[in-house]
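Visitor: sequence unavailable; structure follows:
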């Protein structure tokens, strides 16, 4: 949509410029007044494009279109890099490595497994924290109805199957102290996010909810849960319903990775209210790890995979996972930039062909200029100024609209996600 609208803006811009070159010619006359040798050269250079307006417009458009494409894709690539950097830490939550428990070979104590392995350097580990996860339902919110109105509901469907289903996570105090997830809104009694996290760990009646429940998520039927609300949670394994007071709602994460979602409670509240519907029984669903600052994350991830190979536990180095996912899009954009850059080379070659043909077609005009006293160098200078003027206007128009489109992309998609508006000058140049 941005590219199509940019093309139309480019077409409009080049037509406006091409059909108003008389104004440019007037400005040139004023600017070159008094420069006896330069004045006639510049006026002739501008006069010919002003007479052949359509030809001038399309020649400008050839350069402008390619430069517009290159600029907007380069801008988008730079914005994407800024988006990655802004959301990387937010999605990682302050943790370096995640180890997932398997259903067939559960790890009860990851630290003991690490100590028992000869492949893993345990001195590189700063902390290991378990995270429990179980299934939970919201009896006050029903799942979205099917889009097809003719689709018949299942009469045998249980009443509780109509409720929104999500995950509940049980966290320990170390997790709450070390995590870096931002709370979008919290109860007034908590001065900081850290206070809210600490309160949830200390008080089994408190809970945090993810950004899914901000009233804008269609997957949860636009359910809205605000700080201070009392939310009812159904344990599908026992049928018991417990009530929790919402201490806060987490900030949205704009990438497809997160350790936490749904509902977050203390590990004590989890064991008391939701242990029966746990995904891994008494064992944690996953472990998060923080490493020492001088640790090579990629190298340690390989160590951990080798050391835990007998358990089959998947190991994810968080920042690498996120970077790989987002860099795929960035690489795709770079390929398009390469094609457009090749198009720019073709455009330059096209201008050379047009220039050569223009000289051939204007033999009479050049002869008249020579008869009027123009020296060969003056004729050549006039032609060079003419072609440079057409190319420069097309380049400025394309780059200018590319900047405008890039900023529009930033304002609509990147600014709210926490990214900064950056211009990759080196790539553009």
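Guide: Received it, and whenever you're ready, just let me know what you need. Keep in mind it's a predicted model, so treat the numbers as computed, not measured.
Visitor: so the closest residue to residue 121 other than its chain neighbours versus residue 172, what's the distance?
Guide: Nearest non-adjacent residue to residue 121, counting by C-beta to C-beta, 6 or more residues apart in numbering: residue 303, 6.4 Å away. The way it works is simple: take the backbone N, C-alpha and C, and place the C-beta from them, glycine included. Remark: distance between residue 303 and residue 172 (C-beta to C-beta, to the nearest Å) = 24 Å.
Visitor: for the residue nearest to residue 121, pull up the helix or strand it's in.
Guide: Under the criterion of DSSP states H and E, residue 303 resides in helix 297-307.
Visitor: which elements pack onto that helix?
Guide: strand 97-100, helix 110-116, strand 315-317, helix 318-361 (3 or more C-beta pairs under 8 Å, 6 or more residues apart in numbering; DSSP states H and E).
Visitor: check those for me: which has the lowest mean pLDDT.
Guide: Sorting the helices and strands packed on helix 297-307 by mean pLDDT places helix 318-361 lowest, at a mean of 71.
Visitor: quick one: buried residues of the following helix or strand past it?
Guide: Following helix 318-361 in sequence order, the next helix or strand is helix 363-371 (DSSP H and E). Buried residues in helix 363-371, defined by neighbour count with 16 or more other C-beta atoms under 10 Å: 366, 369.
Visitor: mind checking how far helix 363-371 is from the chain centre?
Guide: 57 Å (C-alpha atoms, centre = their mean, to the nearest Å).
Visitor: list of residues touching it?
Guide: 44, 48, 359, 376, 378, 379, 382 (C-beta atoms under 8 Å, 6 or more residues apart in numbering).
Visitor: one more time with 6 Å, if that's ok
Guide: residue 379 (C-beta atoms under 6 Å, 6 or more residues apart in numbering).
Visitor: does the residue nearest to residue 121 touch residue 118 like I think?
Guide: No: Residue 303 lies out of contact with residue 118 (C-beta atoms under 6 Å); the separation is 10.3 Å.
Visitor: quick one, which of those two is more surrounded?
Guide: residue 303 (19 against 7; other C-beta atoms under 10 Å).
Visitor: how about the helix holding residue 303: buried residues?
Guide: 300, 301, 303, 304, 305, 307.
Visitor: need the mean per-residue confidence for that helix.
Guide: pLDDT averaged over helix 297-307 gives 88.
Visitor: again, but for stretch 136-146
Guide: pLDDT averaged over stretch 136-146 gives 81.
Visitor: who touches that stretch?
Guide: By C-beta under 6 Å, 6+ apart, the list of residues contacting stretch 136-146 reads 162, 163, 164, 165, 166, 168, 221, 223, 232, 233, 234, 236.
Visitor: repeat that with 8 Å
Guide: Identification of contacts with stretch 136-146 by C-beta under 8 Å, 6+ apart yields 160, 162-168, 218-221, 223, 231-236, 241, 262-263, 274, 277.
Visitor: mind listing which of those are in helices?
Guide: Per DSSP state H, helices hold no members of the contacts of stretch 136-146.
Visitor: and those, which of them are buried?
Guide: So, by 16+ other C-beta under 10 Å, the buried ones in the contacts of stretch 136-146 are 162-168, 220, 223, 231, 233-236, 262-263, 274, 277.
Visitor: do you know how far residue 318 is from residue 125?
Guide: 15 Å.
Visitor: more crowded one of these two?
Guide: Between residue 318 and residue 125, counted using other C-beta under 10 Å, residue 318 has the larger neighbour count: 24 against 20.
Visitor: so that one versus residue 283, what's the distance?
Guide: 21 Å.
Visitor: wouldn't residue 269 be in contact with residue 170 here?
Guide: Yes: at 6.9 Å, residue 269 counts as touching residue 170 under the criterion of C-beta atoms under 8 Å.
Visitor: between these two, which is the more surrounded one?
Guide: Legend: neighbour count by other C-beta under 10 Å for residue 269 and residue 170, higher for residue 170 (27 against 22).
Visitor: and the gap between the residue nearest to residue 121 and residue 369?
Guide: 77 Å.
Visitor: do the same with residue 289
Guide: 78 Å.
Visitor: and residue 90, what element?
Guide: helix 53-92.
Visitor: list the buried residues for that helix?
Guide: 53, 56-57, 59-84, 87-88, 90-92.
Visitor: equivalent analysis for stretch 309-326, please.
Guide: 311, 313, 315, 316, 317, 318, 319, 321, 322, 326.
Visitor: also stretch 115-123?
Guide: Of the residues in stretch 115-123, 117, 120 count as buried by neighbour count, 16+ other C-beta under 10 Å.
Visitor: start to end distance for that stretch?
Guide: End-to-end distance for stretch 115-123, by C-alpha to C-alpha, to the nearest Å: 10 Å.
Visitor: work out the gap between that stretch and the centre of the chain.
Guide: On C-alpha atoms, centre = their mean, the centre of stretch 115-123 falls 37 Å from the chain's centre.
Visitor: now do that stretch: everything it contacts.
Guide: Identification of contacts with stretch 115-123 by C-beta under 8 Å, 6+ apart yields 114, 292, 300, 303, 304, 306, 307, 308.
Visitor: adding distance to residue 331, write those residues out as TSV.
Guide: Output for those, formatted as TSV (distance: C-beta to C-beta, whole Å):
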residue	distance to residue 331
114	35
292	31
300	26
303	28
304	27
306	29
307	32
308	31
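Visitor: tell me the one among those residues nearest to residue 191.
Guide: residue 292 (31.0 Å; C-beta to C-beta).
Visitor: residues near the closest one, how many?
Guide: Quick note: residue 292 (other C-beta under 10 Å) scores 11 neighbours.
Visitor: show me the contacts for it.
Guide: Here residue 292 is in contact with 123, 124, 125, 126 (criterion: C-beta under 8 Å, 6+ apart).
Visitor: what about those, which are in strands?
Guide: 125, 126 (DSSP state E).
Visitor: reformat the contacts of residue 292 as JSON lines; add distance to residue 405.
Guide: Below are these laid out as JSON lines (distance: C-beta to C-beta, whole Å):
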{"residue": "123", "distance to residue 405": "51"}
{"residue": "124", "distance to residue 405": "46"}
{"residue": "125", "distance to residue 405": "46"}
{"residue": "126", "distance to residue 405": "44"}
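Visitor: let me know the closest of the contacts of residue 292 to residue 426.
Guide: residue 124 (35.5 Å).
Visitor: part of a strand, is residue 131?
Guide: Yes: the assignment for residue 131 by DSSP: H, G, I helix; E, B strand; the rest coil puts it in a strand.
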